[in-house]
Every structure is written in structure tokens, then in C-alpha cells.
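1. fold the stuff below for me.
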Amino acid sequence: MRQSGASVLGVLSGVFWCVSLHMMINYQKVSQTTKVRVYRHLPELWFDSAMSIGNTPNKKWAAEKKTVYHKFDGRLGNTLFQFASISGIASANNAVACFDRNALSDFLEDQDNLCIRTAPSDAVQLRESKRYGTHMHFKIERDTLLEGFLQSFRYFQPEVWKQIKIKKKFQSQARIILTRVLGVSNGRPRVAIHIRKLHQNGETNFIPSPENPFVKNTYLRFPAPFYFEHAMAYMRAKHPLAVFIVLSDHPEWCRTQTYLQHPDVHVVLLQNPPALDLAIITECDHAILTRGTFGWWGAFLGASVRGGSVVYNAGEFDMQHPINAGNVILSDFYPPHWIAIPVGKQLHAPNYRAR
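-> Residues are numbered from 1 along each chain as shown. Coordinates of the predicted model:
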């Protein structure tokens with residue numbers, strides 16, 4: 001009986017072992033098949049190497065958006081264009097904008113959450129080529145490194161100025177300079193005149209003349225005196241009691257110009273950091289521009305937001321210059337409600353009396 005019982009037990013043990021072995025083999029097959037199925041149908045998800053099916057991952061494994069990467073180039077005006085344009089292009093393509101560095105943290109509020117990350121080696125590379133002042137339609141289908149200056153307001157998101165807030169300390173200092181240093185009351189319309197005299201290091205005169213009609217590298221032309229006379233006359237006629245605030249990289253030169261020697265004109269002589277000068281422009285109700293992106297942004301964040309008048313030099317770009325020819329579309333660079341003073345023409349006769 002004992003031998004018979006032992007035999008039965010042995011048979012049962014053997015059967016149990018065979019069933020267990022069969023189940024283990026089938027489990028491994030199902031498990032492997034399941035893993036293959038998961039990776040096949042969710043290629044955009046990534047898992048921790050130690051993770052097994054059924055475990056909670058210890059890393060984020062939700063699908064990530066595609067990313068538009070960009071490397072900042074240039075000074076404040078250029079970087080503002082690139083920041084606003086890349087952010088707008090990313091938003092239009094349901095993507096995330098990432099930059100190589102935080103180039104605006106010293107100037108703008110709320111920059112702590114800016115995505116700072118370099119583009120991976122397998123990112124698609126797109127360039128605006130030489131068309132720096134033209135709105136182009138970029139289609140972003142995967143992680144992309146987009147290069148260029150991107151100087152077109154058409155890239156921007158609606159109400160982009162709400163994302164570009166100058167630091168409060170610069171705004172406070174700007175108001176002190178306007179009211180206490182210059183003595184400009186809040187009751188008079190303020191017109192900022194941004195005069196970018198120098199364009200390159202060592203440049204002393206960027207103004208073409210009958211004796212010297214062509215100046216080297218004049219792809220951004222400085223306006224003749226009549227431009228200032230007509231622009232200021234237009235502002236005086238449209239905005240009575242206007243007072244003019246002149247900001248320039250060459251303030252001493254500005255003080256010698258006859259058209260700026262009026263009681264209603266104040267030249268800022270302080271050597272301010274760029275962000276402070278930009279803040280002063282944004283505190284003004286209207287703006288007169290000469291050339292360059294710095295004044296453009298001051299007017300865009302200031303007078304445009306306030307519903308004021310912005311006058312610009314229609315001859316700023318030499319459209320025959322190889323840097324601009326075929327690369328700049330004026331309607332992509334200047335907002336449509338800004339007012340152009342054409343070369344050789346005027347908006348208002350200069351028969352005014354300074355107030």
C-alpha cells in the first residue's frame with residue numbers, strides 16, 4: 001500500500017511539474033508578445049530600462065510634444081524678435097519652443113520657466129537662409145533646429161506683448177527719469193524718438209550726402225534731416241502739446257542738430273543699459289523711428305500697445321543692397337497701422353511752432 005501510494009504521489013508530482021512547465025513557457029511567450037505589441041503600437045513612449053510590464057514607470061512616459069530649438073544671435077532687438085517668432089512658430093505647429101540659453105532673463109519678467117535645451121543631433125535643421133525680413137511658413141513635423149533672425153511680426157502669437165514684460169525695476173527707473181530728471185509731466189503726450197546713429201563699431205557718419213552718396217554697408221540707411229522735421233511736425237499736428245524724448249547711441253550728436261533744438265525736445269544724456277532705454281520708449285505714447293530693431297521693439301511694446309502713433313523711415317532698407325534684395329518684405333517687417341514717411345516726401349508741412 002505504501003509503495004502504491006508513493007507511486008500515485010510520484011505520478012501526480014510529475015503531472016504537476018509538466019503543467020507548471022507548460023504554463024511558464026506560455027507565460028514567457030505571452031509576456032514577450034505583449035512587450036512587442038506595446039512597443040509596436042506606442043513608439044513615441046519611452047520606458048525605464050528596469051521597468052517590466054505591469055510596473056509603474058519611474059520616469060515620465062507620456063508622449064512628449066515635438067520641439068522647435070533655436071540658438072539666439074545678436075543683441076536685444078534681435079533676440080526679442082527670435083524669442084517672439086520661435087514661440088509663435090512653435091505654437092502654430094503644436095510644438096514646444098526651446099532655446100540654447102536664457103538671453104532675456106536680465107531684461108524680462110517670468111523667464112524662469114523658459115525651456116533651455118540644445119538641439120539633439122538627429123533634429124531636422126531648417127534655416128530662413130538670407131530672408132531675415134520675410135515671413136515664411138515653417139512646417140514642423142518633428143524635433144527641429146530653426147535658425148535665423150526671423151524679423152517679422154507675422155510669426156508672433158496674438159497679444160504677444162503679454163508674454164514680453166520688461167522687468168519692473170526698469171519700468172520704475174524709466175518713470176523716474178521721465179518725470180524727475182527730464183521734468184516731463186504725465187499730462188502731455190510723450191513721443192519717443194529713437195536715433196540709432198552708429199551701426200557698426202568705428203562708424204562715424206552713416207548719412208549719405210551729395211558729396212558721398214554711397215556709404216559702405218548702408219543696407220540700413222539713416223534718414224536725412226527733413227525726415228525728423230516732417231515726423232515731428234506730424235506728431236505736433238496730430239498730438240498737440242506733444243513733448244519729444246530722444247534716445248540715441250550718440251546723444252551728443254543729437255544735441256547739435258537744429259531740428260532737435262526746441263523747448264519741447266529732451267535728449268536723454270544718461271548712459272543707460274539697453275533695457276532701461278527700451279523701458280523709457282515703452283513708457284511713451286507715440287514713437288518716431290530711424291532704423292534698427294531696438295527702436296522697433298520699443299514702439300511695438302509701447303506706442304502700439306497704447307494705441308498711439310508710430311512713424312518710421314520708409315527708406316530704412318536699401319532694397320538694392322544684396323543683404324536686403326529679395327530678403328526683406330516691408331509689409332512683413334512693419335505692422336500695417338504704422339505710418340511710413342516716404343523718401344523725398346512729407347506727411348505734414350513743417351510750418352509749425354514748437355510748444
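2. distance of the spatially closest residue to H70 that is not a sequence neighbour relative to T144?
-> Among residues not flanking H70 along the chain, I86 sits closest, at 4.6 Å (CB to CB, 6 or more residues apart in numbering). To be clear about C-beta, it is placed using only N, CA and C from the backbone, and glycine gets the same treatment. Look at I86 and T144: by CB to CB, to the nearest Å, they are 10 Å apart.
3. which SSE is A90 in?
-> Using DSSP states H and E, A90 sits in helix 76-92.
4. who does the helix or strand that that helix is followed by touch, helix- and strand-wise?
-> Per DSSP H and E, the first helix or strand lying C-terminal to helix 76-92 is strand 96-99. The contact analysis (3 or more CB pairs under 8 Å, 6 or more residues apart in numbering; DSSP states H and E) places strand 96-99 against strand 67-70, helix 76-92.
5. need the winner for burial among these.
-> Comparing the helices and strands packed on strand 96-99 by mean neighbour count (mean count of other CB atoms under 10 Å), strand 67-70 ranks first with a mean of 24.
6. need the contact partners of that strand.
-> If you take CB atoms under 8 Å, 6 or more residues apart in numbering as the criterion, strand 67-70 is touched by 82, 86, 89-90, 93, 95-100, 115, 117-119, 123, 140, 143-147.
7. list buried members of those residues by neighbour count.
-> For the contacts of strand 67-70, a burial check counting by 16 or more other CB atoms under 10 Å picks out 82, 86, 89-90, 93, 95-99, 119, 123, 140, 143-147.
8. re earlier: let me have the helices and strands packed on strand 96-99 in TSV, extended by mean pLDDT and distance to L260.
-> Output for the helices and strands packed on strand 96-99, formatted as TSV (pLDDT from 0 to 100; distance: least, CB to CB, whole Å):
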stretch	mean pLDDT	distance to L260
strand 67-70	98	39
helix 76-92	97	23
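9. so which of these is nearest K168?
-> The closest of the helices and strands packed on strand 96-99 to K168 is helix 76-92. By CB to CB, the value is 17.6 Å.
10. which strand or helix spans G308?
-> Using DSSP H and E, G308 falls within no helix or strand.
11. okay, now it: neighbour count?
-> Other residues near G308 come to 20 when the count uses other CB atoms under 10 Å.
12. contacts only, for it.
-> Taking CB under 8 Å, 6+ apart, we find G308 in contact with C284, D285, H286, A287, G302.
13. show me the beta-bridge partners of the third one.
-> So that's H286. Assessed by DSSP bridges, H286 has beta-bridge partners V191.
14. ok, it to H239 distance?
-> Separation of H286 from H239 (CB to CB): 6 Å.
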